[in-house]
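> Here is a sequence with its predicted model. Questions after.
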Amino acid sequence: MQQERLLKVLVIGDLGVGKTSIIKRYVHQIFSHHYRATIGVDFALKVFNWDHQTVIRLQLWDIAGQERYGNMTRVYYREAVGALVVFDMTRASTFQAVLKWKGDLDAKVALGNGRPVPAVLLANKCDLQHQGLCTKGPKLETFTREHGFVGWYETSAKDDTNIDAAITCLVENIMSRD
Ligand code: GTP
Ligand code: MG
């Protein structure tokens, strides 16, 4: 018999790092250079077969970067079972904010057994890598382990690099917990 699983996943990170673009790429296979800041929260749904018995309804909560300064995240985070934490490879300040987002997440939501919700780190805009920044592979590997992320990926919503891989990694992690 087929079963359906509804998974609420948060997409968080500073202003303009590409959260909305990642979701649009993943769900609709589109990309635009035009930037319009998300206000509050936005939603997207992707439904797909996981295995012979299971259909996943993946509900992506696209949290506005500016919400880090607001009081609503506690409400938005409720019942989430996973998160994508995104930074912009070309802006160091957005990498520094990653731990603030992860801290906010872990302070406000946890799994039923009290463990933190699985989170994957996305170094987005890797198509602009030549514009430099801080983080190279090995460093991120250590950072990921030290701060309790279940994995990390260099992604590009523009070129469609590793978006599927990152989200699949998160879903695998979520599904392996029950
Ligand atoms: P807020 O809603 O304000 O929190 O921002 P956001 O994280 O949703 O960022 P958004 O997806 O709106 O992208 C911001 C800008 O970055 C837009 O101009 C996008 O076109 C651009 N952008 C997003 N992802 C990529 C990428 O992978 N590569 C490049 N080159 N640009 C990107
Ligand atoms: Mg947005």
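Happy to help now that I have it. Ligands and ions are numbered 1, 2, ... in the order given.
> quick one: is whichever helix in the chain runs longest near ligand 1?
Longest helix of the chain, by residue count under DSSP state H: helix 163-175. No: using Cβ under 6 Å from any ligand atom, we find that helix 163-175 stays clear of ligand 1, coming within 8.8 Å at best. For every residue, glycine as well, the C-beta is placed using N, CA and C.
> quick one: residue 166 from residue 105, how far?
Distance, residue 166 to residue 105, using Cβ to Cβ, to the nearest Å: 16 Å.
> With neighbour numbers in mind, choose between the two.
Set side by side, residue 166 and residue 105 show more neighbours around residue 166, with 24 against 20, by other Cβ atoms under 10 Å.
> unless I'm mixing things up, the more buried one is touching residue 157, no?
No: counting by Cβ atoms under 8 Å, residue 166 sits too far from residue 157 to count as a contact (10.9 Å).
> Can you tell me which helices and strands the one helix or strand in the chain whose mean pLDDT sits lowest packs against?
Least confident helix or strand, the chain: helix 137-146 with a mean of 86, by mean pLDDT, DSSP states H and E. Other helices and strands packing on helix 137-146, by 3 or more Cβ pairs under 8 Å, 6 or more residues apart in numbering; DSSP states H and E, are strand 119-124, strand 151-154.
> switch the cut-off to 7 Å
Packing partners of helix 137-146 (3 or more Cβ pairs under 7 Å, 6 or more residues apart in numbering; DSSP states H and E): strand 151-154.
> which parts of the least confident helix or strand of the chain are buried?
The neighbour-count check on helix 137-146 (16 or more other Cβ atoms under 10 Å) flags 140, 143, 144 as buried.
> Find the residue closest to the residue most central in space within the chain in space, skipping its chain neighbours.
For the chain, the residue nearest the mean C-alpha position is residue 84 (1.6 Å; Cα atoms, centre = their mean). Counting by Cβ to Cβ, 6 or more residues apart in numbering, the nearest residue to residue 84 once its immediate chain neighbours are dropped is residue 11, at 4.8 Å.
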